[in-house]
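Return atomic coordinates for the entry below.
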Amino acid sequence: MIHCPSCGIVAVPEEELPVLLPDDVEFMPTGESPLKLHPTWKKVACPECGNEDAERETDTMDTFMCSSWYQYRYLSPDCDTYPFDPEEGSYWLPVDQYTGGIEHATMHLLYTRFFARAMRDCGVFEPVERMDPVHQPDSMFREPMTRLYNQGMILGEGGEKMSKSRGNVVDPDKQVEQYGADTVRAYLMFAFKWDQGGPWDYKGIAGPQRFLNDVWELVTQYPPVDTSAVPAASGPAKGLRRKTHQTILQVTDDIETFSFNTALARLMELKNTMQDFRETDVRHSAAWTEAVNSLLLMLAPFTPHIAEELWSRIGGEYSIHTQAWPVGDAEIAAEEIITLAVQVNGKVRDRIEVAADVDELTAREMALASEQVQRYLDGQKPQKVIYVPGRLVNIVQ
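This is a model prediction of the structure:
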């Protein structure tokens, strides 16, 4: 279209289409269209009145046009013959995970779906077989992403949407300046479920701040030791190792399901357990070194700067963000002792500690031997004893 001072907006005559773009444009780091900065291309005579001060429209590309396909360019940024390497696209696409606000379902996602299907119809590349069952070749580019997960909204204090008119806007730069970027990141992931969000609480940020201060003190004052000659974990050290592997398994699963709040809660629990052992001989064991390393590696996605600094201070290979994720061992993580609730007619009357691999007969006998249970049975023989493995024994009179 053409903007004319006299006629207003005027359509380009059909016989002048297509409008060819200039080759001698210069892309400036301003975010503006290079057409706007071109000295001659935008100048044109109005096709209706002949006014030579008319100008061609220079802002022709909606922001969604770029953001609808840029992920493909990430596959091969140095490719100079195509927008992206077709072989790389065949292997990596479609995108595994798409996150955004609920408005994306009818805005950006609509555009990127159009791009994907247009490339499919044009035969830009062919899908290839892969081991990953999520990416089925016959569904390649029917959809550009395999999973959509919407994040919640951070609200102002009082639970209202942030607005200048309400005066409840939280300036993240000020929060970062006061608490540090990692503390603010940890608070945002700990305080709310990712898909629900919630109101900002200035008091709530103190919790993650204390947690990170504790981690800093723990690692700097009780660093891991050279464990090359240290025997395998036993006794109390075995208990710390169990907690470490339980945390690895739990946090790994939490990250996969976007449960960042519970992941941080589990890291806080691991920190608490480590604090209980820091003044004991366990601190000189391989279990302590494993716990420190694992804690920092699992913190890295949440608090990247503090994790990197502490990793460097304990002599870790640069960078923590290129290290392998810790692997949890289910056998090491298994509890040796568990607690069973003992019910009489559906009401909890006692709790007993038993071996984790306790059999049903032993669990029933231990539950019936409980003094609290005997008091409620009052000498009567139970009609039925129901055992739920690992959880409870219910005695029915």
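
from here on, contacts and neighbour counts on C-alpha atoms
OK.

So which residues lie in contact with the worst-scoring helix or strand of the chain on mean pLDDT, not counting its own?
Lowest by mean pLDDT, DSSP states H and E among the helices and strands of the chain is helix 63-67, with a mean of 77. The contact list for helix 63-67, computed with C-alpha atoms under 8 Å, 6 or more residues apart in numbering, reads 108, 111-112.

And stretch 379-388, by the same measure?
360, 363-364, 393-397.

That stretch: end-to-end distance?
24 Å (C-alpha to C-alpha, to the nearest Å).

Return the residues in contact with the residue nearest to residue 59 when sequence neighbours are not counted.
Counting by C-alpha to C-alpha, 6 or more residues apart in numbering, residue 33 is the residue found nearest to residue 59 once chain neighbours are left out, at 6.3 Å. Neighbouring residues of residue 33 by C-alpha under 8 Å, 6+ apart: 27, 58-59.

now swap in residue 207 and tell me
Residue 207 makes contacts with residue 187, as judged by C-alpha under 8 Å, 6+ apart.

what's the spacing between the strand or helix carrying it and its chain's center?
Element membership of residue 207 [criterion: DSSP states H and E] is helix 206-221. Relative to its chain's centre, helix 206-221 lies at 22 Å (C-alpha atoms, centre = their mean, to the nearest Å).

likewise stretch 42-61?
On the basis of C-alpha atoms, centre = their mean, stretch 42-61 sits 48 Å off its chain's mean C-alpha point.

That one spans what distance, first to last residue?
Taking C-alpha to C-alpha, stretch 42-61 runs 15 Å from one end to the other.

Next, the residues that contact it from outside, please.
Residues contacting stretch 42-61 (C-alpha under 8 Å, 6+ apart): 1-7, 10, 12-13, 33, 35-36, 41.

mind listing which of these are in strands?
Among the contacts of stretch 42-61, the members found in strands (DSSP state E) are 2-4, 10.

Any quick ChimeraX command for the buried ones out of those?
Remark: buried members of those, expressed as a ChimeraX selection using 16 or more other C-alpha atoms under 10 Å:
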select :2,3,4
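
can you redo the ones in strands among the contacts of stretch 42-61 as CSV with pLDDT and distance to residue 116?
Formatted as CSV, those follow (pLDDT from 0 to 100; distance: C-alpha to C-alpha, whole Å):
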residue, pLDDT, distance to residue 116
2, 92, 31
3, 94, 33
4, 95, 37
10, 94, 33
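
ok so, going back, now restrict the contacts of stretch 379-388 to buried residues only.
Using 16+ other C-alpha under 10 Å, the buried ones in the contacts of stretch 379-388 are 363-364, 393-395.

phi, psi of residue 384?
Per-residue torsions, residue 384: phi -150, psi 150 (degrees, to the nearest 10).

ok, how many other residues are close to it?
A count of neighbours around residue 384, defined by other C-alpha atoms under 10 Å, yields 11.

And residue 338, by the same measure?
Under the neighbour criterion other C-alpha under 10 Å, residue 338 is assigned a count of 15.

Dead centre of the chain: give me the residue that sits there.
residue 258 (5.1 Å; C-alpha atoms, centre = their mean).

how many other residues sit next to the closest residue to that residue other than its chain neighbours?
Leaving aside its chain neighbours, residue 258 sits nearest to residue 194 (6.5 Å; criterion: C-alpha to C-alpha, 6+ apart). Residues near residue 194, counting by other C-alpha under 10 Å, number 21.

Would you confirm that residue 194 contacts residue 257?
No. Applying C-alpha atoms under 8 Å, one finds residue 194 not in contact with residue 257, separated by 9.8 Å.

quick revisit: any idea which of the contacts of stretch 42-61 the model trusts least?
For the contacts of stretch 42-61, the weakest pLDDT value sits at residue 33, with 83.

could you measure that one against residue 62, distance?
For residue 33, the distance to residue 62 - C-alpha to C-alpha - is 11 Å.

Likewise for residue 203?
41 Å.

same question, residue 333
From residue 333 over to residue 62 (counting by C-alpha to C-alpha), the distance is 52 Å.

Which of the two has more residues huddled nearby?
residue 333 (20 against 8).

about what we covered before: tell me which residues in the helix holding residue 207 are buried?
So helix 206-221, judged by 16+ other C-alpha under 10 Å, has buried residues 208-209, 211-212, 214-216, 218-219.

same thing with stretch 112-125?
Neighbour count says stretch 112-125 has 112-113, 115-117, 120 buried, by 16+ other C-alpha under 10 Å.

what domains does the record give for this protein?
Domain assignment for the chain by automatic domain parsing gives 1-60, 76-150, 206-333, 337-396.

Just name the most buried of these.
Stretch with highest mean neighbour count among the domains of the chain: domain 206-333 (a mean of 17; mean count of other C-alpha atoms under 10 Å).

Helix or strand: which one has residue 310?
Going by DSSP H and E, residue 310 is part of helix 304-313.

the inter-axis angle of that helix versus helix 206-221?
Angle, helix 304-313 to helix 206-221, by axes from the mean of the first three to the mean of the last three C-alpha atoms, to 10 degrees: 10 degrees.

Please name every helix or strand in contact with the next helix or strand after helix 304-313.
Note on helix 304-313: by DSSP H and E, the next helix or strand toward the C-terminus is helix 330-333. Judged by 3 or more C-alpha pairs under 8 Å, 6 or more residues apart in numbering; DSSP states H and E, helix 330-333 is in contact with helix 236-256.

chain center to whichever helix or strand comes after the helix it packs on: distance?
Next in sequence after helix 236-256, counting helices and strands by DSSP H and E, comes helix 260-277. Distance of helix 260-277 from the chain centroid (C-alpha atoms, centre = their mean) equals 18 Å.

and helix 260-277 with helix 236-256, angle?
170 degrees.

So what touches helix 260-277?
186, 189-194, 211, 214-215, 218, 240, 243-244, 247, 250-251, 254-255, 283, 288, 291, 295, 298-299.

what pLDDT, on average, does that helix get?
Computed over helix 260-277, the average pLDDT equals 96.

Can I get it in CSV? Just the C-alpha atoms.
The C-alpha coordinates for helix 260-277 follow below in CSV (Å, rounded to 0.1, in the frame of the first residue of the first chain):
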residue,chain,number,x,y,z
PHE,A,260,9.5,-26.5,39.5
ASN,A,261,8.0,-25.5,42.8
THR,A,262,8.2,-29.1,44.2
ALA,A,263,11.7,-29.5,42.7
LEU,A,264,13.0,-26.6,44.7
ALA,A,265,11.2,-27.9,47.8
ARG,A,266,13.0,-31.2,47.4
LEU,A,267,16.4,-29.4,47.1
MET,A,268,15.6,-27.5,50.3
GLU,A,269,15.0,-30.8,52.0
LEU,A,270,18.3,-32.1,50.7
LYS,A,271,20.0,-29.0,52.0
ASN,A,272,18.4,-29.5,55.4
THR,A,273,19.6,-33.1,55.6
MET,A,274,23.1,-32.0,54.6
GLN,A,275,23.1,-29.4,57.4
ASP,A,276,22.3,-32.2,59.9
PHE,A,277,25.5,-34.1,58.8
